[in-house]
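Colleague: coordinates for the following, if possible.
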Amino acid sequence: MLEHFFQCPYCWEEISMLLDMSVNDSYIEDCEVCCNPIQITYSQEERTLLSFTADGIEQ
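Modeller: Below you'll find the model as predicted:
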């Protein structure tokens, strides 16, 4: 697992999430500050983070 810090696309607060570095993944998780849903997408290779996006979800 890797702790990754980023800004929430809604409230702009810095938050962190634990990423499972054994897989490439995409999922939705709520911001721990404002509770809005964030689409998390990341890719890794040999347990090194290659890309990471945290996008707001249109409602």
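Colleague: strands of the chain, start to end?
Modeller: Taking DSSP state E to define them, one finds strands in the chain at 2-7, 14-19, 25-30, 37-45, 48-56.
Colleague: low pLDDT regions in the protein?
Modeller: 59 (pLDDT under 70).
Colleague: one more pass at 90, please.
Modeller: Regions of the chain meeting the criterion pLDDT under 90 cover residues 21-25, 46-47, 58-59.
Colleague: number of residues surrounding the closest residue to residue 19 other than its chain neighbours?
Modeller: Excluding the flanking residues, the one nearest residue 19 by Cβ to Cβ, 6 or more residues apart in numbering is residue 2, at 4.9 Å. Any C-beta I mention is one placed from the backbone N, CA and C, and that applies to glycine too. Around residue 2 there are 15 other residues, counting by other Cβ atoms under 10 Å.
Colleague: kindly report the same for residue 20.
Modeller: 11.
Colleague: how about residue 51?
Modeller: By the measure other Cβ under 10 Å, the count of residues near residue 51 is 10.
Colleague: now do the contacts for it.
Modeller: 41, 42, 43 (Cβ atoms under 8 Å, 6 or more residues apart in numbering).
Colleague: just give me the neighbour total for residue 17.
Modeller: Neighbour tally, residue 17, other Cβ under 10 Å: 19.
Colleague: what about the nearest residue to residue 20 once chain neighbours are set aside, distance to residue 19?
Modeller: Counting by Cβ to Cβ, 6+ apart, residue 1 is the residue found nearest to residue 20 once chain neighbours are left out, at 6.1 Å. According to Cβ to Cβ, to the nearest Å, residue 1 stands 7 Å off from residue 19.
Colleague: these two - which one has more neighbours?
Modeller: More crowded of residue 1 and residue 19, by other Cβ under 10 Å: residue 19, with 17 against 9.
Colleague: surely the more buried one is in contact with residue 4?
Modeller: Yes. With contacts counted by Cβ atoms under 8 Å, residue 19 reaches residue 4, the gap being 5.4 Å.
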